[in-house]
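**Student:** Would you be able to build a 3D model of this:
(one chain, ligands or ions: 4)
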Amino acid sequence: MTEPAEERKVQTYCALCIARCGAIATVAGHRFVALDPDPSHPTGAALCAKGRAAPELVYSPQRLLYPMRRTRPKGDPDPGWQRISWDEALDTVASAMRRIADAHGPEAVAFSLPSPSTTAIVDSANWIRRLMNAFGTPNAVGPNYLCGWARTQATTFTFGVGSVHSGSGGAMADIANSGVLMLCGYNPSGSRITHATATAEALKRGMKLIVIDPRHTGFANKADLWLRVKPGTDGALALGLANMMIQRGWFDRAFLRDWSNGPLLVRADTGRLLTERDLTPDGSERRYVAWDAASGGVVVYDPAKGRYEREGAAPSLEGAWRIATAAGEVVCETAFSLYAALCRRYPSEVVAATCWIDRDQIEAAARLIWSARPVSYYAYAGQEQHANTTQTARAMSILYALTGSFDLEGGNVLFPSVPQAMIAGEDLPGAKTMRPAAGFETRPLGPARTGTIVTDALYDAILDDKPYPIRGLIGWGANLLIGRGNVRRGRAALTALDFFVHADLFLTPTAEVADVVLPVASAFEREALRIGFEVNEDAQSHVQLRQAVVPPRGESRSDIEIVVALAQRLGLGNHFWGGDIAAGFRHQLAPSGLTLEALRAAPGGIKLPLKTQHAKYAQRDASGIAAGFATPSRKVEIYSETLLAHGYPPLPEFIESGAALAPGPELAARYPLVLTCAKHALFCDSQNRALPSLRRRVPHPEVELHPQTATERGIAAGDWIAIETPQGSIRARARFNTSLDPRVVSGQSGWWQACPELGLPGYDPFGETGSNYNLLVGSASLDPVSGTPTHRSGRCEIRPAG
Ligand SMILES: Nc1nc2c(c(=O)[nH]1)N[C@H]1C(S)=C(S)[C@@H](COP(=O)(O)OP(=O)(O)OC[C@H]3O[C@@H](n4cnc5c(=O)[nH]c(N)nc54)[C@H](O)[C@@H]3O)O[C@H]1N2
Ligand SMILES: Nc1nc2c(c(=O)[nH]1)N[C@H]1C(S)=C(S)[C@@H](COP(=O)(O)OP(=O)(O)OC[C@H]3O[C@@H](n4cnc5c(=O)[nH]c(N)nc54)[C@H](O)[C@@H]3O)O[C@H]1N2
Ligand code: SF4
Ligand SMILES: [Mo]
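**Tutor:** Ligands and ions are numbered 1, 2, ... in the order given. Predicted structure coming up:
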């Protein structure tokens with residue numbers, strides 16, 4: 001008999017998805033055998049099945065263990081992978097980067113990153129960005145436009161800061177103290193267990209809950225109201241709810257008057273805000289005008305000081321006036337009145353017809369939102385993956401402004417953060433001379449503005465040299481050919497690159513077209529520094545240096561080690577603390593006062609207690625100027641001149657997402673169903689299908705549909721069916737879901753990987769017999785601001801797969 005291996009417990013956290021759950025790893029001998037919750041950790045109440053399957057991920061026989069290079073031409077079914085040394089691999093990558101930069105400029109080398117919400121890339125994303133900044137390329141291909149843009153960026157047009165997600169310095173739903181929570185296209189039970197725990201706790205103490213989702217998921221059965229919205233119409237729903245609240249007087253008038261640009265006058269002739277310059281030639285173009293009910297005349301508003309220029313002014317929130325300007329009389333109306341007029345176009349009967357929601361539910365929801373304040377909300381992938389996501393996010397954020405709950409206890413709160421030094425290298429010389437990112441010229445307010453490019457922009461730059469050539473791609477996991485639309489064009493583009501290296505744990509279909517693949521250590525085999533765990537004040541106070549639970553398998557290395565090794569070969573090591581990663585961590589930690597040694601000695605993390613202050617917009621400086629909001633008007637912007645200046649509607653006008661995909665009666669009849677999708681609780685996007693404990697529970701890709709929809713087409717539960725859109729066709733197995741509207745079907749993305757241990761197949765990423773959902777998605781309909789396509793509002797037909 002062999003001795004039982006000695007067991008050791010390691011305090012850690014699971015980094016596999018956005019929840020980042022505090023956890024305890026068990027190591028028996030040298031083997032990582034179990035991951036369990038760590039209730040002493042602020043995010044450690046529970047783990048999901050994926051977290052519990054972490055040892056299977058680490059020891060998967062499909063892991064990449066050595067650097068490899070292709071020996072056969074791209075397009076050949078057999079890449080002829082040949083094992084090479086790290087030195088050879090890194091030399092090859094560095095020399096290709098230099099060669100391409102010499103020929104075309106550093107921007108011709110793009111980087112791709114997977115989502116920090118579905119991978120552990122957040123450990124290293126800032127280091128990767130630092131390498132980009134040091135090298136001089138702005139082009140990071142990421143999924144931001146599919147699940148972060150609306151939450152973190154589109155809402156900044158309203159609040160000057162993202163109103164839905166603290167990871168980017170924005171606000172976060174303070175669920176523990178909310179009176180009512182709105183989950184808008186967000187299913188935390190499947191996708192962020194920490195929020196699921198918080199929601200369950202809050203429901204116990206009586207918090208109200210509104211779920212906006214086409215599917216009866218997660219908390220829908222615990223919700224006071226479940227609004228079964230037609231996919232892609234959340235914007236109309238938000239306008240309809242706002243209309244009801246305004247009609248009934250269920251809104252925070254004082255907040256809007258004092259803290260929004262609602263009272264500012266808009267010229268009927270130009271749609272621009274009336275300025276002091278309009279009134280008098282020596283007035284400022286940067287000062288605006290409102291109607292002062294106290295004096296019965298106009299009053300000037302100065303954004304620089306955040307105040308009206310007359311003591312005791314009482315700006316009117318609603319109304320229209322003829323205003324005398326230097327060039328004659330102009331009709332002007334308040335921004336709020338214009339918004340209210342837009343909302344009036346969405347009475348309950350219009351919302352019911354547009355969104356397929358019961359009329360009575362609109363009033364009930366509006367009443368609940370108002371009566372159960374403070375309100376918090378979280379909008380996520382269900383509202384993001386549409387061709388109208390920017391205006392939907394605007395409509396939701398303005399609806400939210402009506403409640404006056406922003407940054408109040410129980411609202412969406414700007415929680416404090418432990419101070420840290422940035423390491424993304426925005427200050428490096430290379431960052432200052434960079435060209436704008438690809439796609440910036442066509443969508444200047446979109447993701448490219450902050451250096452994140454959409455896949456269409458990548459493919460245009462590779463295949464058409466637009467706006468300039470991209471010839472190299474340094475991939476850090478992003479599984480572009482499974483997780484993005486336009487799959488075939490994507491494959492053509494990646495194949496056409498001069499050089500493509502991909503660093504990953506597995507040989508994905510995207511990695512398959514690379515020239516070189518690099519094996520990455522999993523989160524459990526590497527160290528990482530985490531400053532703040534986002535979801536509340538306590539979690540934000542927590543700083544943790546995650547230790548490696550076990551050493552890296554094979555020759556795999558952490559992304560940070562790869563970054564640093566590449567930097568040194570590129571002659572950029574001086575920007576990376578001479579290659580000393582610990583020195584980088586120390587730099588990052590310095591403002592916090594914490595040392596690396598202290599963190600090493602406390603593997604479960606250290607708390608630096610933070611104190612949340614609320615309503616920070618109202619705090620005044622020494623000269624009495626209120627902080628306000630970081631928008632051009634220093635107010636919550638109901639009316640966005642920034643959007644207007646770029647040719648977009650300044651108010652959140654609704655255009656249905658996906659309606660353009662089957663234009664004309666003939667196509668509409670051919671594709672009568674609305675196609676949406678959702679994440680699987682057991683898999684992170686395109687990952688995990690090879691892990692037996694998870695795959696056993698979901699052996700095959702599924703598509704949910706109403707039994708009536710199935711019967712009409714001769715489909716039985718469990719049948720393989722074909723899903724067809726104007727873009728393509730795939731197969732999945734029918735799963736009946738009586739909660740769906742019979743006109744809606746809901747698929748799954750991410751299927752490609754086999755599970756040999758269970759004898760379960762992989763799926764062809766590029767063919768009709770496979771199940772790559774994104775073969776169904778193209779670029780026929782895109783959000784004009786962000787370029788987001790219709791992953792969740794396509795038009796389709798289904799039939800037995802024969
Ligand atoms: N139809 C449809 N399409 C979608 C979505 C959808 O809901 N429906 N969701 C969209 C969304 S929201 C997102 S975020 C994207 C997700 O798309 P991606 O961001 O590409 O994420 P995954 O598909 O999970 O693939 C992540 C890859 O990164 C690797 N990886 C994991 N951890 C690390 C690490 O630490 N370092 C490195 N180098 N690699 C790592 C994994 O092995 C895996 O191959 O998909 C988008 N596409
Ligand atoms: N288990 C697991 N967790 C994950 C991930 C994963 O793949 N698996 N991925 C991570 C990533 S990258 C992300 S972005 C997050 C996403 O987290 P979530 O946003 O919660 O992800 P989903 O479950 O895809 O979408 C939420 C809900 O949107 C609904 N929905 C679909 N269409 C619409 C619509 O038009 N309107 C509305 N209102 N709702 C709609 C779906 O039915 C679903 O219940 O999860 C992260 N966490
Ligand atoms: S929800 Fe699951 S996968 Fe995500 S961090 Fe927690 S345990 Fe890991
Ligand atoms: Mo995502």
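
**Student:** Which strand residues bridge E333?
**Tutor:** According to DSSP bridges, the partner residues bridging E333 are V266, A320.

**Student:** Next up, the contacts around it.
**Tutor:** L265, V266, A268, G319, A320, W321 (Cβ atoms under 8 Å, 6 or more residues apart in numbering). Glycine gets a C-beta too; all of them are placed from N, C-alpha and C.

**Student:** from those, which single one is nearest ligand 4?
**Tutor:** V266 (36.1 Å; Cβ to the ion).

**Student:** residue ranges of the strands in the stretch 201-350 of the chain, please?
**Tutor:** 208-212, 225-227, 265-267, 288-292, 297-302, 307-308, 320-325, 328-334 (DSSP state E, counting those that start in this stretch).

**Student:** Could you check the longest one and say which residues are buried?
**Tutor:** Counting neighbours by 16 or more other Cβ atoms under 10 Å, one finds that the buried residues in strand 328-334 are V330, C332, E333, T334.

**Student:** how about the residues of the stretch 701-802 of the chain near ligand 1?
**Tutor:** For the stretch 701-802 of the chain, the contact set with ligand 1 under Cβ under 6 Å from any ligand atom comprises S749, G750, Y773, N774, H791.

**Student:** Buried residues in the helix or strand where R795 lies, which are they?
**Tutor:** R795 is part of strand 794-800, with elements assigned from DSSP states H and E. Buried residues in strand 794-800, counted by 16+ other Cβ under 10 Å: G794, R795, C796, E797, I798.

**Student:** Which pLDDT value belongs to the third one?
**Tutor:** Meaning C796. pLDDT, C796: 98.

**Student:** In contact with it, which residues are there?
**Tutor:** Taking Cβ under 8 Å, 6+ apart as the test, what C796 contacts is Y671, L673, V674, L675, I723, E724, T725, V745, L776.

**Student:** ok, so what distance separates the residue in the stretch 501-650 of the chain positioned nearest to ligand 3 from P116?
**Tutor:** Relative to ligand 3, the nearest point of the stretch 501-650 of the chain is A523 (9.1 Å; Cβ to the nearest ligand atom). According to Cβ to Cβ, to the nearest Å, A523 and P116 sit 12 Å apart.

**Student:** Of those two, give the one with the bigger neighbour count.
**Tutor:** Applying other Cβ atoms under 10 Å to A523 and P116 shows that A523 carries more neighbours, namely 27 against 21.

**Student:** Against ligand 2, how distant is that one?
**Tutor:** Separation of A523 from ligand 2 (Cβ to the nearest ligand atom, to the nearest Å): 15 Å.

**Student:** got it, and P591?
**Tutor:** Counting by Cβ to the nearest ligand atom, the gap from P591 to ligand 2 is 30 Å.

**Student:** Got the confidence number for that residue?
**Tutor:** 98.

**Student:** List the residues that contact it.
**Tutor:** Contacts for P591 (Cβ under 8 Å, 6+ apart) come out as P419, Q420, A421.

**Student:** Quick check: V674 touching S746?
**Tutor:** No - using Cβ atoms under 8 Å, V674 makes no contact with S746, being 9.4 Å away.

**Student:** ok, these two, which is more surrounded?
**Tutor:** Counted by other Cβ under 10 Å, V674 and S746 do not tie: V674 has more neighbours, with 26 against 21.

**Student:** on that earlier part again, the residues of the stretch 701-802 of the chain next to ligand 1 also near ligand 3: which ones?
**Tutor:** Among those, ligand 3 is touched by none when using Cβ under 6 Å from any ligand atom.

**Student:** Farthest pair within those?
**Tutor:** The span of those, defined through Cβ to Cβ, is set by G750 and H791 at 11.9 Å.

**Student:** hey, what's in contact with both of these two?
**Tutor:** Joint contacts of G750 and H791 (Cβ under 8 Å, 6+ apart) are Y773.

**Student:** Break down the stretch 151-300 of the chain into its helices, ranges please.
**Tutor:** In order along the chain, the stretch 151-300 of the chain carries the following helices (DSSP state H, counting those that start in this stretch): 156-159, 188-191, 193-204, 234-248, 253-259, 276-279.

**Student:** could I get those helices as TSV with mean pLDDT, mean neighbour count and distance to ligand 4?
**Tutor:** TSV is the format used below for the helices of the stretch 151-300 of the chain (pLDDT from 0 to 100; neighbours: other Cβ atoms under 10 Å; distance: least, Cβ to the ion, whole Å):
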stretch	mean pLDDT	mean neighbour count	distance to ligand 4
helix 156-159	98	24	19
helix 188-191	96	22	9
helix 193-204	98	20	15
helix 234-248	98	25	17
helix 253-259	98	18	31
helix 276-279	98	19	44
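
**Student:** Ok, which of the ones you listed comes nearest R8?
**Tutor:** helix 193-204 (25.5 Å).

**Student:** quick one: the closest one near ligand 2?
**Tutor:** No - judged by Cβ under 6 Å from any ligand atom, helix 193-204 stays clear of ligand 2, getting no closer than 8.4 Å.

**Student:** what's that helix in contact with?
**Tutor:** With Cβ under 8 Å, 6+ apart, helix 193-204 has contacts from 19-21, 43, 45-48, 173, 175-176, 178, 181, 183, 188-189, 207, 209, 218-219, 222, 378, 533, 535-536, 539.
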